[in-house]
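> build me a model from this:
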Amino acid sequence: MKIWVKGYLGVKVELGDKSFIEFGTDRVTVRDLLVQLGYQRDESFTAPGAVGRLVILVNGRSTLHLADGLDTVLRDGDRVAIFPPVAGG
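Below you'll find the predicted structure:
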């Protein structure tokens, strides 16, 4: 199963020369993906050195608006975008 991953605005996603991660299992959650990418596991995932939660989109939809949040099961070919916490005015 391939999950396409992209980090934006200073969120570095270490994938080498690939833009996807392959998993040997059919049941992978957003939370599993973040752990695989090396993000610190705590109450809310945070980028190294960042304060606050990451903004994570699965196929263009925020995990905040998905029924299972970070426990959303990913499917082959899903696209995940990871943004740092941002503020503006």
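> please count neighbours and contacts with C-alpha atoms only from this point.
OK.
> tell me the mean pLDDT for stretch 2-15?
Here stretch 2-15 scores 78 as its mean pLDDT.
> now the strands for the chain?
Ranges of strands within the chain are 2-7, 20-22, 28-29, 55-58, 61-62, 73-74, 79-83, based on DSSP state E.
> ok now the third one, how far from the chain's centre?
Centre-to-centre, strand 28-29 and its host chain are 10 Å apart (Cα atoms, centre = their mean, to the nearest Å).
> in terms of secondary structure, what does that strand contact?
If you count contacts as 3 or more Cα pairs under 8 Å, 6 or more residues apart in numbering; DSSP states H and E, strand 28-29 packs onto strand 73-74.
> parallel or antiparallel, which strands does the strand it packs on pair with?
Applying DSSP bridges, strand 73-74 is found paired with strand 28-29 (antiparallel).
> show me how far the helix-or-strand element of the chain with minimal mean pLDDT is from its chain's centre.
Least confident element among the helices and strands of the chain, by mean pLDDT, DSSP states H and E: strand 20-22 (a mean of 81). How far strand 20-22 lies from its chain's middle: 12 Å, per Cα atoms, centre = their mean.
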